[in-house]
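**Q** Here is the input, now give the coordinates:
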Amino acid sequence: MNIHTYSDSRLLYLEAASFIAKKIFSNPKINLGLAAGNTPTKLYENLIQLYQKKQISFSSIKTFNLDEFKGLDATSPSSFAFYMYDTFLKHIDIKKSSIHNLVAADVEDHCNKYEFLIKQVGGIDLQVLGLGTNGHIAFNEPGSLIDSITREVALTAASIQANQYRFQGSVPKHAFTMGIKTILSSKTIVLLALGESKSLAVKELVAGKQDGAWPCTHLQKHPDLHCFLDAEAAALL
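**A** Predicted coordinates for the structure are as follows:
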């Protein structure tokens, strides 16, 4: 596990973007796993700037979204697919055919096909992750098993509340997510955590006992995990 701690969040995002850009430069056909949410937004903004400066190209990469709310399509402003396209993907030179979302009509069949497609392209080369206050990664809530794969899950009250800002009405109670086994199969993981509210989850991730009660602790098994933390998130280390 590699811990990168910064007192300046601006520098954190710059360094994380630089790390990813170097991976893209060394492998222009890289397969990226992308996390939605507030935390990675500035990371994507920095990657867009690197693209605009012609320092990297996304023309040969493929992307796979980590998770999605059940019942939404990619045109819904509340969906992660919409967020990812509007915030990041429409601003770079990626081919639309290379963008993969967890938007499903036939749930079980789609999740199985998503797993198959990831394996078919050779796996995720670099996975971007956020970290929930309860230690969830993607929508792998507490109690998720280390051998879980892409599937439908029931969201906890904490996750529903955390995503209320995305919705005018009620938040869906179910979602789709890459499983922990799927995430651990990624060659490299970049995890971002900022703010005091993430400090306990970060402490469990780094020093806690591997336990499904804190899904993030399963990441301890990964051979190339890079945690980009601000001082507040790292305060209990």
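**Q** strands paired with the helix or strand where F64 lies, and their directions?
**A** Element membership for F64, per DSSP states H and E: strand 62-65. Using DSSP bridges, the strands paired with strand 62-65 are strand 31-34 (parallel), strand 99-100 (parallel).
**Q** Dump the ones you listed to JSON lines, plus mean pLDDT, mean neighbour count and distance to A21.
**A** In this view, the C-beta of every residue, glycine as well, is placed from N, C-alpha and C. Formatted as JSON lines, those follow (pLDDT from 0 to 100; neighbours: other C-beta atoms under 10 Å; distance: least, C-beta to C-beta, whole Å):
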{"stretch": "strand 31-34", "mean pLDDT": "98", "mean neighbour count": "24", "distance to A21": "12"}
{"stretch": "strand 99-100", "mean pLDDT": "96", "mean neighbour count": "18", "distance to A21": "19"}
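**Q** To F19, which of the ones you listed lies closest?
**A** Between F19 and the strands paired with strand 62-65, the shortest gap by C-beta to C-beta is with strand 31-34, which sits at 12.6 Å.
**Q** what's the spacing between the strand holding F64 and its chain's center?
**A** Here strand 62-65 is found 10 Å from its chain centre; the criterion is C-alpha atoms, centre = their mean, to the nearest Å.
**Q** Mind listing what's buried along that strand?
**A** Across strand 62-65, burial judged by 16 or more other C-beta atoms under 10 Å covers 62-65.
**Q** again, but for stretch 67-79
**A** 67-70, 72, 74, 76, 78-79.
**Q** do the same with stretch 170-177
**A** Across stretch 170-177, burial judged by 16+ other C-beta under 10 Å covers 171-172, 175-177.
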